[in-house]
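Need a 3D model of the sequence below.
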Amino acid sequence: MSSLDLLLMPEAWASLLTLTVMEIVLGIDNIVFISVLTSRLPADEARHARQVGLALALVFRIALLLVLSWIIGLTAPLFEVFGHPVSWRDVILLAGGLFLIYKATHEIHKGVEGDDHAETGPVRAGFAAIIAQIVVIDMVFSVDSIITAIGMAEHVEVMIIAVVIAIGVMYAASGTIARFIERHPTTKMLALAFLLMIGIALVADGIGFHIPRGYIYTAMAFSALVELLNVAAQGRRKKAQAQKGATTTGPY
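From the prediction side, this is the model:
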């Protein structure tokens, strides 16, 4: 089938829209992870790290789409554990989930203990380490994303276009999200809690217990809404206190 024929198919456009929305939603995990990781870098380095991270996410996803037969093979059982068939996808999700749990717990510990000053070493070393971590989690999220996409679209061209659009939206949103987390430190703890929850969900998937993503994203959206209301309330209180202070100290 030619590209022109594909453009004239209503079902292709419908699958493109559906798949793009799904890829954007699944990409929330990636954006939060990258934003949290890059929050310790200077502004220029953080922006560059986000660019590299999302570019790698795009490369991984397109590369996986071009080897669909291999990706489909990842779901084939390798062995059984207590009667549960285990595939390469399960192994990848399990390893990625454990990594996310470790990383989120480590960052939460730093935030609670207040030992952010313990970070040592040159910025370049930190940048390289962050990129390495982004590469690892990009691979995990890419496998999960593409395997989901395979069941929603029949044409590789549609999948690639959806992935490119989704990464573009993620790139446009990543800077705003990162700046918001930087300006409001309490949101970083919430973001880390999201990553911890996502890690647990990946581990559950890896051991054969699927948690519907709709439940997870609904909980994340509700928590984010509550945090936004809290940030807005704090901003209004600070503004009122500043105005009150200016009035009190003003000339009589």
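
Can you pull the phi/psi pair for P85?
In terms of degrees, to the nearest 10, the main-chain angles of P85 are phi -70, psi 130.

Mind listing what's buried along the helix or strand where L192 lies?
Per DSSP states H and E, L192 falls inside helix 185-206. In terms of neighbour count (16 or more other CB atoms under 10 Å), helix 185-206 has its buried residues at 187-192, 194-203, 205-206. (Glycine included, C-beta is placed from N, CA and C.)

Quick check: buried residues in the next helix or strand after it?
For helix 185-206, the following helix or strand on the C-terminal side (DSSP H and E) is helix 213-249. With burial defined by 16+ other CB under 10 Å, the residues of helix 213-249 counted as buried are R213, I216, Y217, M220, A224, E227.

From W88, how far off is the third one?
Read it as Y217. 26 Å (CB to CB, to the nearest Å).

Same check on the fifth one?
Using CB to CB, we find A224 at a distance of 33 Å from W88.

I'd like the distance between I177 and L17.
Distance from I177 to L17, by CB to CB: 23 Å.

again, but for F33
For F33 relative to L17 (CB to CB), the value is 26 Å.

Can you pick out the residue with more neighbours from the two?
More neighbours surround F33 than the other of F33 and L17, with 26 against 13 (other CB atoms under 10 Å).

Now that the more buried one has come up, it's in contact with I137, right?
Yes: shown here, F33 and I137 form a contact pair, counting by CB atoms under 8 Å, at 5.5 Å.

any common contacting residues for the two?
Residues touching both F33 and I137 (CB atoms under 8 Å, 6 or more residues apart in numbering): L100.

Distance check, L195 against V86.
When L195 is compared with V86 (using CB to CB), they lie 24 Å apart.

just A162 next, same as before
A162 is 29 Å from V86, by CB to CB.

The chain - how does it break down into domains?
3-210, 212-252 (automatic domain parsing).

Tabulate these in CSV, adding columns for mean pLDDT.
Below are the domains of the chain laid out as CSV (pLDDT from 0 to 100):
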stretch, mean pLDDT
domain 3-210, 77
domain 212-252, 77
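
any idea which of those domains is most buried?
Most buried of the domains of the chain by mean neighbour count (mean count of other CB atoms under 10 Å) is domain 3-210; its value is a mean of 17.

would you list every one of the helices in the chain?
Per DSSP state H, the chain carries helices over the ranges 3-7, 10-38, 43-65, 68-73, 88-113, 123-150, 156-183, 185-206, 213-249.

any chance of these in TSV, plus distance to V81?
Conversion of the helices of the chain to TSV gives the following (distance: least, CB to CB, whole Å):
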stretch	distance to V81
helix 3-7	42
helix 10-38	26
helix 43-65	26
helix 68-73	20
helix 88-113	9
helix 123-150	20
helix 156-183	32
helix 185-206	11
helix 213-249	24
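
do you know which of these lies nearest E80?
Comparing the helices of the chain against E80 with CB to CB, the closest turns out to be helix 88-113 (11.2 Å).

between that closest one and helix 10-38, how many degrees?
40 degrees (axes from the mean of the first three to the mean of the last three CA atoms, to 10 degrees).

So what's the gap between helix 88-113 and the chain middle?
On the basis of CA atoms, centre = their mean, to the nearest Å, helix 88-113 sits 13 Å off its chain's mean C-alpha point.

who does that helix touch, helix- and strand-wise?
For helix 88-113, the packing partners by 3 or more CB pairs under 8 Å, 6 or more residues apart in numbering; DSSP states H and E come out as helix 123-150, helix 185-206.
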